[in-house]
Each structure stands twice: as C-alpha cells, then as structure tokens.
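**Q** Coordinates only, no sequence provided:
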C-alpha cells in the first residue's frame, strides 16, 4: 500500500503538487489519471524518494522510500523508459541494478525473458526502440520481485500487442496481491486496466474511488431525442421527472427516463419522433469534463478565422 | 561498490579513455626522453647539470591528469546526462553511499592506472636515456617518491573531477571547470607579475604535481611534495563533500 499524505511540491513559483492526499490499495490496479503537466510524474518521483516534498510525506507500507534498505525488493518502478546509458547493454544495466540490492544474476535473465528482450539482451540500449526501452524499464521494475510497483505511462511507444501485454501484466501483478500504481493521461486505457482511480489536475486531487463508482457518478446514461416539437415534448417529459438538456443541433438529451417511457409519452401525445437513441457518456468525456478547468495547456481550436483563412 | 564497478566497466568509453591515456602518457615519456638523448650533446653545461631524468620520463602524466579528469567527470555526469542517476538512486536511496562507492571504485581504478603509467613511463624513459645521458633508478633518493607520487596525483585529481561533476552535473561544464583549474588558470597567472602570481601558483594542481614528479627541489616556488599533495587531497575532499551535500539535498 502506498500512502500519500498531504504532499506539496513547489518549483520556484509554480506549485506542481498541492496538498495531495490519497491511498493506493493492495491487490488491485490503481490508475493515476491527470492531464499532461498535472503533477503525476512529480508525485511518483516523490514516492520514489527522488524528489523532496516541501510538505507532507509519501510512505510505502508505512516506510518512506529512502528508509528502505533494499528498495528494489520492495518497490519497482518504471519512471522514464529511456533513462538508461545508451552505451550499456540491457543485461548490464539490469545487472548493476541487481548488484546494488543483492539480487542474483539468475533473476536478471528471468526478467529479460519475462519482458521478451532475450534476443537483444546484449545489444546496447542506444539502439533500442521506444517500445524496447519501455520493456527494459518494466524489466528493471520487476527485478527485485517487489510487492509494490509504480509505472509512469508504461504504454507510451508500445504497439497494440505491447499495450495488451502491459495490460495483462499489470492485472496479473495485482492479482498476485501486489500494489500496482499506473499513471496515464488516457482515461480509456485506464478504464480497461484499472480497478481503482486517483484523478488529479494541477497537482490537486479531483477524485478517488473505484472505476465502477467513477463511471456511475461521472458517465451517466441519457437518451438522445429528436422531434419537430421539442418544446411540447420537453414539458411532458419534465412532468415525469426527466432532466433535459437542449443540444446545439436542436436535439434533447434526456436523463432519468428510459427510452421506452419517452416513446410511450410521445406516442400518447401524438408527437412524432425522428430519433430515440440511448447513449452513454464515455469515461473520456467524464474525465475531460472533470479536468477541463485544470488542464495546463489548452490546444487552440481550429475554427472561425483560422478555418476561413485555410478555406481561401 | 560492485555495482559501481559494473557500471564503469560496461561502458565502452571507460576502456577507450584509459587506453588513450596509456598510449599518450607512455608515448610522451618515450618521445621526451629520446629527444633529450639525441640532443644531449648540444645542451649547455648548466642544463646538463639540472637535468632531472625522472621528471622528464614523467612528463606524459600531465596528459594522464587531463584524461583522468575527463573520465572522473563522465563517471558521474553521464548518469545525469542519460538519466541513469534516477535508476541508481532508486536502487540505493542513501545517496551518500552512492557517492562514496563511486569515489572508492574510481579512486582504486585511477590509482592502479596512474601507478602503472607512472612506473611504465619511468621504465621506458630511463631505458631510452642512454649514456652519456644520466638516467635514474628507483633506489636513488627521491626517485621512488616522484614516480609513485605521480601515480597518486592522477588518482586524487580524478576524485577532484568526480566531485566537480557531482556539483555541476553537466559533462561539458564540469570538464571545462576541471581543465580551467588544471591548465587555464596557471597559464593566466603566469602572464601576471610573479610577486602576485607566485603565492597563488603554489596552490595550483599543476605546480603541486610538478613538485611531486621532480626529484630536485623546486625551491620557494612550490610546496614540498607531500605538503602539496595533502593540499591536493584537500581539494578532492572539499569537492566531494560539497557534491555529496548537494546530491543529498537536490532533486534527482
């Protein structure tokens, strides 16, 4: 279990992590979500004892990382995939790490095989692709067979097969009773992999809980309705307790009422319908909605003046 | 400790740098002494009288000092440059231990290489200084100290460079600082009036190492060999202490 207690980290006048509190439970995959620049990596580095927190502390099974005598045997981490000397071979990189924590040479061979790098173990890391670098980083994390694992954006640079492999690996590790903490800026990926979520934006905690809860609270079901007489229908549905939002294209988004009930109501009133389709808001939408105010860098929308200029 | 050795051993540049260092140092020993041997007849009596065969055969060590400094810097700064430092510190969060292990391993490596080159250079040099040119033997007073000391200076300067790299964390910056202290500052000082420059020059590694590798006394322009050497050790300790303090304090 990882316990982050009131961690704050400032870089000059910029607050990267702001009084962050959360727990990462054992035995499940916990997704750590946030837009780019929201403080995910900084938080992970503080957990790993690489950065100093200005306030608060992060402990792993009750102990700060820096107090662990053989940390690789308790915590494994993939923080930056290619943070490896390019002139050293994959095997030698893992071997020197193993030596610091008294891990036998046999285990180095084992993790290399586990991540599928046995063909290239004696090649210099500088020649590795991003995906191979990620696999090597994962091998390093698994080296000490630790009970707690941290992965910072592990699927970056992986092909679909690699993504599937990582997903299954993470789930497998959690099912063995380990604590697995995975950061990502992709909600869709976390929806498939994680059981538990910690969502942050601009260094602050936005939400924490199980993925199920997150979906229930944030990704509501609604029915999309198009009709030539929206005002009348709106009044009738609201009388039955529906919540209605008018969309830009004139359609109605109706929640709190099933499609059947809407169909019966409109049929009884003789209002014809062009469309009656149940929808579910995607987790991605919910995540965007939730973190919109805390996104540090917005892309400019390509419309209006720009679009007409291109048109000419 | 073993891990630090693995790290140094498994990067190509370590091997190549040490090889280059050996070739250059021994080459210069051979070149300098054979030049002397062939020109001996043209030398003035005074020059013949003050000729120090030991010092001449150790001339190449200056280049060893340069190269060991570069290597000392790279051993540390390459970890920052490539990001390996984070893997290292994740594996061993007690940062002082990382620096101590690295320094110890590098010191032994540099001392072994330094001594091999000092004795090697001496042997090659003396064998080329054929009669009538005088040559030195290890049993003569001060000769063993000069040769052994030459190797030790290499090791200590290597540590000094490692300390600088821990403070500066960038290869180019740390190498510049090292070369600046080793060569550039003494050159600048020599252009200034000697009444001003001499007291400072005494403290420069260049002067200290010259005194160490010479059998003859350097008079008042330099500290005696071992006093100078302890000043050099002081530089290395100070640079490593500041580096260690910053390493513990800073974010990796």
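**A** Thanks, I have it. Just so it is clear, the model here is predicted, and its values are computed rather than measured.
**Q** so where do the helices sit in the stretch 51-200 of chain B?
**A** Along the stretch 51-200 of chain B, counting by DSSP state H, counting those that start in this stretch, helices occupy B:53-57, B:61-82, B:84-91, B:95-128, B:143-168, B:171-179, B:185-190, B:194-201.
**Q** just so I know, which of these lies nearest residue B:134?
**A** helix B:53-57 (5.8 Å; C-beta to C-beta). Glycine gets a C-beta too; all of them are placed from N, C-alpha and C.
**Q** give me the number of residues near whichever residue of the stretch 51-200 of chain A sits closest to chain B?
**A** Distances between the stretch 51-200 of chain A and chain B by C-beta to the nearest C-beta are smallest at residue A:83, namely 2.7 Å. Using other C-beta atoms under 10 Å in any protein chain shown, residue A:83 has 17 neighbouring residues.
**Q** Could you tell me whether it really is in a strand?
**A** No. The assignment for residue A:83 (DSSP: H, G, I helix; E, B strand; the rest coil) gives coil, which keeps it out of a strand.
**Q** Identify the residue spatially nearest to it, adjacent ones excluded.
**A** Counting by C-beta to C-beta, 6 or more residues apart in numbering or on different chains, residue A:83 lies nearest to residue B:83, which is 2.7 Å off, once chain neighbours are set aside.
**Q** is it true that that neighbour touches residue A:93?
**A** No. Between residue B:83 and residue A:93 there is no contact under C-beta atoms under 8 Å: 11.5 Å.
**Q** What lies in contact with the longest helix seen in chain A?
**A** Counting by DSSP state H, the longest helix found in chain A is helix A:160-175. If you take C-beta atoms under 8 Å, 6 or more residues apart in numbering or on different chains as the criterion, helix A:160-175 is touched by A:27-29, A:116, A:131, A:134-135, A:138, A:149, A:151, A:154-155, A:158, A:180, A:182, A:189, A:192-193, A:195.
**Q** run the last query once more with 10 Å
**A** For helix A:160-175, contacts defined as C-beta atoms under 10 Å, 6 or more residues apart in numbering or on different chains pick out A:25-31, A:76, A:78, A:114-116, A:131-132, A:134-135, A:138, A:141-142, A:146-147, A:149, A:151, A:154-156, A:158-159, A:178-182, A:189, A:192-196.
**Q** Counting neighbours, which of these end up buried?
**A** For the contacts of helix A:160-175, a neighbour count by 16 or more other C-beta atoms under 10 Å in any protein chain shown gives the buried set as A:26, A:28-31, A:76, A:78, A:115, A:131-132, A:134-135, A:138, A:141-142, A:146-147, A:149, A:151, A:154-156, A:158, A:178-182, A:189, A:193-196.
**Q** same for chain B: which of those are within range?
**A** A:76, A:141 (C-beta under 10 Å from any C-beta of the partner chain).
**Q** Inside strands: which ones of the buried ones among the contacts of helix A:160-175?
**A** Among the buried ones among the contacts of helix A:160-175, the members found in strands (DSSP state E) are A:29, A:30, A:31, A:76, A:78, A:149, A:151, A:179, A:180, A:181, A:182, A:196.
**Q** in chain A, what secondary structure element scores lowest on mean pLDDT?
**A** Lowest by mean pLDDT, DSSP states H and E among the helices and strands of chain A is helix A:305-311, with a mean of 41.
**Q** Enumerate every residue touching the closest residue to residue A:5 other than its chain neighbours.
**A** Spatially, and ignoring its direct neighbours in sequence, residue A:5 is nearest to residue A:56 (5.2 Å; C-beta to C-beta, 6+ apart). When contacts are counted by C-beta under 10 Å, 6+ apart, residue A:56 touches A:4, A:5, A:6, A:7, A:8, A:9, A:17, A:19, A:20, A:21, A:46.
**Q** Let's see the pLDDT reported for residue A:56.
**A** If you check residue A:56, the pLDDT there is 93.
**Q** Helix, strand, or coil at it?
**A** strand.
**Q** Same question for the one 3 residues further on.
**A** Reduced to three states with three-state DSSP, the structure at residue A:59 is strand.
**Q** hmm, stretch B:162-169 in reach of chain A?
**A** No. Remark: stretch B:162-169 sits outside contact range of chain A, by C-beta under 10 Å from any C-beta, the gap being at least 14.3 Å.
**Q** And the average pLDDT for that stretch is what?
**A** According to the model, stretch B:162-169 has a mean pLDDT of 96.
**Q** same check, this time on stretch A:171-189
**A** When pLDDT is averaged over stretch A:171-189, the result is 91.
**Q** cool, and stretch A:70-78?
**A** Averaging pLDDT along stretch A:70-78 gives 92.
**Q** ok, back up a step: out of the contacts of residue A:56, which end up buried?
**A** Among the contacts of residue A:56, the ones that count as buried by 16+ other C-beta under 10 Å are A:4, A:7, A:8, A:9, A:17, A:20, A:46.
**Q** any idea how far the nearest residue to residue B:69 once chain neighbours are set aside lies from residue B:177?
**A** Leaving aside its sequence neighbours, residue B:69 sits nearest to residue B:161 (C-beta to C-beta, 6+ apart; 3.9 Å). Per C-beta to C-beta, to the nearest Å, residue B:161 is found 9 Å from residue B:177.
**Q** same check, this time on residue B:6
**A** Taken as C-beta to C-beta, the span from residue B:6 to residue B:177 is 28 Å.
**Q** could you point out which element follows the host helix or strand of residue A:206?
**A** Assigned by DSSP states H and E, residue A:206 belongs to strand A:204-210. For strand A:204-210, the following helix or strand on the C-terminal side (DSSP H and E) is helix A:211-218.
**Q** what angle do that following helix and strand A:204-210 make?
**A** On the basis of axes from the mean of the first three to the mean of the last three C-alpha atoms, to 10 degrees, helix A:211-218 is oriented at 120 degrees to strand A:204-210.
**Q** what's helix A:211-218 packed up against?
**A** If you count contacts as 3 or more C-beta pairs under 10 Å, 6 or more residues apart in numbering or on different chains; DSSP states H and E, helix A:211-218 packs onto strand A:29-33, helix A:187-193, strand A:196-201, strand A:204-210, helix A:283-291.
**Q** Just say which of the ones you listed is most tucked in.
**A** Of all the helices and strands packed on helix A:211-218, strand A:29-33 has the most neighbours on average by mean count of other C-beta atoms under 10 Å in any protein chain shown, namely a mean of 27.
**Q** so that strand versus strand A:148-152, what angle?
**A** 30 degrees.
**Q** could you give the mean pLDDT of strand A:29-33?
**A** Strand A:29-33 comes out at a mean pLDDT of 94.
**Q** so, in contact with chain B or not, the helix or strand following that strand?
**A** Following strand A:29-33 in sequence order, the next helix or strand is helix A:40-47 (DSSP H and E). Yes. Helix A:40-47 reaches chain B (C-beta under 10 Å from any C-beta) through A:42, A:45, A:46.
**Q** Using CSV, please lay out those together with pLDDT and distance to residue B:125.
**A** Output for those, formatted as CSV (pLDDT from 0 to 100; distance: C-beta to C-beta, whole Å):
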residue, pLDDT, distance to residue B:125
A:42, 92, 57
A:45, 93, 53
A:46, 94, 57
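**Q** Make TSV out of these and add distance to residue A:64.
**A** Below are the residues of helix A:40-47 next to chain B laid out as TSV (distance: C-beta to C-beta, whole Å):
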residue	distance to residue A:64
A:42	16
A:45	13
A:46	10
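**Q** of those, closest to residue B:207?
**A** The closest of the residues of helix A:40-47 next to chain B, once distances to residue B:207 are taken by C-beta to C-beta, is residue A:45, at 44.6 Å.
**Q** ok, and the closest non-adjacent residue to the closest one?
**A** That would be residue A:51: by C-beta to C-beta, 6+ apart, it lies 4.3 Å from residue A:45.
**Q** what about that neighbour, neighbour count?
**A** Look at residue A:51: counted by other C-beta under 10 Å, it has 21 neighbours.
**Q** and the host helix or strand of residue B:232, how far out from the chain's middle?
**A** In this structure, residue B:232 sits in helix B:225-249 according to DSSP H and E. Mean-position distance between helix B:225-249 and its chain equals 14 Å (C-alpha atoms, centre = their mean, to the nearest Å).
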